[in-house]
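**Q** A structural model of the following input is requested.
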Amino acid sequence: MIAVNLICNCTMKPSPKILIGYKNSSFLARCHHTLAMSMSNYSNSCDINIYRNTMQCPFHMREFGRIMHGNHQVFGLPSSSFGQSRSLSLSSTKRDASSIAGVDLNFKARDFSGSVGTRVDDNNGEMAYVKGGMNVKPIVVESVEEESRLEVGEEDENKENSGGVKNADEAENVQEETEAEKEAWRLLQEALVTYCDSPVGTVAANDSDSEQPLNYDQVFIRDFIPSALAFLLKGEKDIVKNFLLHTLQLQSWEKTVDCYSPGQGLMPASFKVKTLKLDHEKTEVLDPDFGESAIGRVAPVDSGLWWIMLLRAYGKITGDYGLQERLDVQTGLRMILNLCLTDGFDMFPSLLVTDGSCMIDRRMGIHGHPLEIQALFYSALRSAREMVTEDENSKNLVGEINNRLSALSFHIREYYWLDMRKINEIYRYKTEEYSLDATNKFNIYPDQIPTWLMDWIPEEGGYLLGNLQPAHMDFRFFMLGNLWSIVSSLGTPRQNNAILNLIDAKWGDLVGEMPLKICYPALEHHEWRIITGCDPKNTPWSYHNGGSWPTLLWQFTLACMKMERTELAEKAIALAEKRLPRDSWPEYYDTRSARFVGKQARLYQTWTLAGFLASKMLLKNPKLASLLCWDEDLEILETCVCLLHKSGRIKCSRDVAKSQILV
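**A** Residues are numbered from 1 along each chain as shown. This next block holds a predicted model:
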């Protein structure tokens with residue numbers, strides 16, 4: 001039996017009855033509920049009768065994707081826990097949703113559209129996809145005639161405004177494109193992945209010489225972000241919209257490792273378009289990977305965070321905020337937030353994660369509270385706060401977001417910051433302190449300060465350290481976390497400038513001949529053997545262990561533009577433009593100065609060329625670049641959850657903090 005999580009395409013042969021979950025099926029596995037659908041004779045009212053026959057099983061109810069053919073769709077049922085969290089309770093703006101728990105449901109497809117002001121034509125047989133029993137919109141809600149009318153109107157308007165050219169600035173940018181940019185755009189187009197004849201993403205790498213494709217032929221959420229940004233900046237929004245909606249539909253799918261399922265709301269790390277033979281006809285399906293097939297079997301913590309930030313970027317750049325307001329999108333957004341904001345045993349406001357759950361997806365000693373995840377978490381929370389619709393059900397969620405933002409901001413600025421003054425403070429730490437007034441709150445032993453750091457850190461620079469846990473500080477410099485701390489204003493303005501000062505002062509170490517180092521310094525000798533488990537791919541100054549990743553270029557550009565240090569970004573882009581085309585756009589570079597192409601690096605890596613393109617386009621569009629950043633939010637700094645408590649036992653840690661950086 002083939003166990004596959006999938007979404008079927010819209011070319012499936014019509015059938016009056018579709019049965020899901022039958023015992024000997026090679027189509028869907030691990031299914032414990034039978035859902036039989038009886039379709040009417042495609043009447044104009046699109047009446048659908050659903051009958052659900054529940055079977056005895058020890059597992060919770062599973063969710064399924066859709067099977068579409070024109071008027072045909074299968075609507076997924078929720079798990080038994082769906083909608084129980086206060087963060088997920090939603091009410092339709094148009095009408096109340098029918099209870100999915102009923103045995104016999106009668107409804108009309110048009111009643112499940114979350115669209116405002118969009119009428120579903122009874123004659124064209126449009127259907128809506130229902131996930132988890134909530135009202136959602138189909139991926140395509142406008143009729144063909146309406147789309148054609150809008151396109152004609154847009155063309156006429158553009159002709160009047162610019163003499164037949166859609167965008168004069170875009171035309172000018174095309175003329176100014178270098179040979180490297182032209183090649184990158186051509187390769188990016190070749191990396192497109194289509195599903196149901198529509199582009200839905202880009203493969204991770206298009207290296208035809210690779211003998212082991214592994215999962216590089218899949219669409220990764222984190223890898224697609226620079227591609228999405230490049231497309232948005234070029235005015236091509238459809239692929240990004242398709243990507244957001246299709247990954248959203250994969251969100252609630254069954255994902256297990258050894259019969260155990262992680263929390264609901266988890267976004268897949270990647271997905272692949274597969275062709276299966278179904279009812280004697282070939283059909284396309286989406287096969288997601290939530291970590292059950294990944295190296296190390298680690299679920300992706302950052303996928304949902306990247307998805308939220310891309311959703312915000314889509315609205316900011318295109319002006320299409322209707323996508324954010326859709327009920328299915330709001331439901332998916334709240335599911336991610338509910339998963340991340342769930343209370344646990346951790347005492348810190350930072351997000352507790354396992355090793356390998358982010359861009360550094362192999363064992364590198366970053367388990368606990370790595371800076372990269374905290375910066376992405378903070379950015380995602382700030383994005384979500386802008387997009388969550390305001391209603392009675394969202395008040396508690398917005399309050400949770402504000403409290404977490406306030407606590408996380410203080411925690412990172414106060415305890416993760418490292419400069420010469422802070423190192424001197426740690427050097428004189430007393431240990432075994434027990435009280436709320438303790439200076440050394442996490443019982444850090446001064447002997448942990450590495451010898452390389454004392455002579456390496458400049459007087460005018462600083463950075464946010466890589467990780468903080470009880471009795472442990474990871475003093476390594478991690479590029480992605482520090483760059484996103486600048487972009488999201490997780491750090492103070494003074495800290496953000498100090499980070500760029502550090503990169504400028506240590507250019508040879510952090511940039512070298514190819515930007516940018518993913519972390520510094522590399523783990524070597526006995527430390528490498530213990531922490532990485534003798535990982536042959538993460539040898540010193542290679543891959544995640546001090547390797548140089550050109551895809552970080554666009555995030556560096558964004559951070560530099562925000563802090564008005566564009567000269568640093570231009571300098572780094574110039575280095576990349578000289579070597580990347582010549583080296584066939586590799587995934588990463590090796591050695592301390594990044595002189596060699598990575599020993600196992602894939603060529604024609606999509607997020608390498610997309611990162612380069614996004615960097616160039618950001619410099620050409622400073623106004624759009626500013627929309628992707630966040631300014632300092634005084635409301636976050638002033639909000640403190642301790643003020644909500646009236647108990648005399650509560651003593652705010654901010655009052656006893658002795659930091660000099662919160663100015």
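**Q** how about Y321: what's its closest non-neighbour residue?
**A** G315 (4.7 Å; CB to CB, 6 or more residues apart in numbering). Backbone N, C-alpha and C define where each C-beta goes, glycine included.
**Q** using PDB, list the CA coordinates for the helix or strand containing the one you found.
**A** Assigned by DSSP states H and E, G315 belongs to helix 302-318. Below are the C-alpha coordinates for helix 302-318, written out as PDB (Å, rounded to 0.1, in the frame of the first residue of the first chain):
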ATOM      1  CA  ASP A 302      10.300  28.200  10.200                       C
ATOM      2  CA  SER A 303       7.900  27.200   7.300                       C
ATOM      3  CA  GLY A 304       4.800  28.700   9.000                       C
ATOM      4  CA  LEU A 305       6.800  31.800  10.000                       C
ATOM      5  CA  TRP A 306       8.000  32.400   6.400                       C
ATOM      6  CA  TRP A 307       4.500  31.800   5.100                       C
ATOM      7  CA  ILE A 308       3.100  34.500   7.300                       C
ATOM      8  CA  MET A 309       5.800  37.000   6.300                       C
ATOM      9  CA  LEU A 310       5.300  36.200   2.600                       C
ATOM     10  CA  LEU A 311       1.500  36.800   3.000                       C
ATOM     11  CA  ARG A 312       2.200  40.200   4.400                       C
ATOM     12  CA  ALA A 313       4.800  41.000   1.700                       C
ATOM     13  CA  TYR A 314       2.200  40.000  -1.000                       C
ATOM     14  CA  GLY A 315      -0.300  42.500   0.300                       C
ATOM     15  CA  LYS A 316       2.200  45.300   0.800                       C
ATOM     16  CA  ILE A 317       3.700  45.000  -2.700                       C
ATOM     17  CA  THR A 318       0.600  44.200  -4.700                       C
END
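**Q** show me what it is packed up against.
**A** helix 221-234, helix 238-250, helix 322-325, helix 327-340, helix 371-387, helix 622-627 (3 or more CB pairs under 8 Å, 6 or more residues apart in numbering; DSSP states H and E).
**Q** switch to 10 Å and redo it
**A** Applying 3 or more CB pairs under 10 Å, 6 or more residues apart in numbering; DSSP states H and E, one finds that helix 302-318 contacts helix 221-234, helix 238-250, helix 322-325, helix 327-340, helix 371-387, helix 479-487, helix 622-627.
**Q** pLDDT of the fifth one, averaged?
**A** When pLDDT is averaged over helix 371-387, the result is 98.
**Q** before we move on, what about the shortest one?
**A** In this model, helix 322-325 has a mean pLDDT of 96.
**Q** now the helix or strand in which A572 is found: buried residues?
**A** Element membership for A572 (DSSP H and E) is helix 566-579. Residues of helix 566-579 classed as buried by neighbour count (16 or more other CB atoms under 10 Å): 566, 568-569, 572-573, 575-577, 579.
**Q** what does stretch 580-600 give?
**A** Here stretch 580-600 shows 580-581, 583-594, 596-598 as buried, counting by 16+ other CB under 10 Å.
**Q** equivalent analysis for stretch 315-326, please.
**A** 315-317, 322-324, 326.
**Q** can you list these in TSV and add distance to R428?
**A** TSV is the format used below for the buried residues of stretch 315-326 (distance: CB to CB, whole Å):
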residue	distance to R428
G315	49
K316	46
I317	49
G322	57
L323	53
Q324	50
R326	55
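**Q** out of these, which is nearest to M473?
**A** Nearest to M473, judged by CB to CB, of the buried residues of stretch 315-326 is K316 at 35.9 Å.
**Q** ok so, going back, for the residue nearest to Y321, list the residues it contacts.
**A** 321-325, 383, 386-387, 627 (CB atoms under 10 Å, 6 or more residues apart in numbering).
**Q** shouldn't C629 be in contact with T557?
**A** No. Look at C629 against T557 with CB atoms under 10 Å: they stay out of range, at 11.4 Å.
**Q** please say which of those two ends up with more neighbours.
**A** T557 (27 against 16; other CB atoms under 10 Å).
**Q** pretty sure that one is touching L613, no?
**A** No. Judged on CB under 10 Å, T557 makes no contact with L613 at a distance of 11.1 Å.
**Q** so where do the strands sit in the stretch 451-600 of the chain?
**A** Ranges of strands in the stretch 451-600 of the chain, per DSSP state E, counting those that start in this stretch, are 462-464, 467-469, 472-474, 477-478, 519-520, 589-590, 596-597.
**Q** as a whole number, average confidence for the second one?
**A** Put plainly, it is strand 467-469. The pLDDT scores in strand 467-469 average 96.
**Q** equivalent analysis for the fourth one, please.
**A** Confidence over strand 477-478, taken as the mean pLDDT, stands at 98.
**Q** which SS class is R602?
**A** coil (DSSP: H, G, I helix; E, B strand; the rest coil).
**Q** neighbours around it, how many?
**A** Neighbour tally, R602, other CB under 10 Å: 23.
**Q** now the one 5 residues further on
**A** Neighbouring residues of W607 were enumerated by other CB under 10 Å; the total is 26.
**Q** next, it: phi, psi?
**A** phi -80, psi -10 (degrees, to the nearest 10).
**Q** please apply the same query to E432.
**A** With angles defined as degrees, to the nearest 10, E432 sits at phi 60, psi 40.
**Q** tell me which residues touch it, please.
**A** Going by CB under 10 Å, 6+ apart, the list of residues near E432 reads 438, 440, 443, 445.
**Q** give me the buried subset of the residues you listed.
**A** N440.
**Q** how about the contacts of E432 in a markdown table, adding pLDDT and secondary structure?
**A** Listed next are those as a markdown table, based on pLDDT from 0 to 100; DSSP: H, G, I helix; E, B strand; the rest coil:
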| residue | pLDDT | secondary structure |
| --- | --- | --- |
| A438 | 89 | coil |
| N440 | 92 | coil |
| N443 | 94 | coil |
| Y445 | 96 | coil |
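**Q** reformat the contacts of E432 as TSV; add distance to S227.
**A** What follows is the contacts of E432, written out as TSV (distance: CB to CB, whole Å):
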residue	distance to S227
A438	47
N440	45
N443	44
Y445	44
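**Q** closest one of the contacts of E432 to P300?
**A** When the contacts of E432 are compared against P300 (criterion: CB to CB), the nearest one is N443, at 31.4 Å.
**Q** which residue packs closest to the closest one, ignoring adjacent ones?
**A** Per CB to CB, 6+ apart, closest to N443 is A471, 5.0 Å.
**Q** roughly how far apart are that neighbour and L523?
**A** 19 Å (CB to CB, to the nearest Å).
**Q** picking that back up, my guess is the residue nearest to N443 meets Q448, correct?
**A** Yes. With contact defined as CB under 10 Å, A471 and Q448 form a contacting pair (8.4 Å).
**Q** can you pull the contacts of the closest residue to L490 other than its chain neighbours?
**A** In space, L490 comes closest to Y378 once its chain neighbours are excluded; the distance is 4.7 Å by CB to CB, 6+ apart. Each residue near Y378 by CB under 10 Å, 6+ apart is listed here: 305, 349-351, 404-405, 408-409, 412, 484-485, 488-490, 630, 636.
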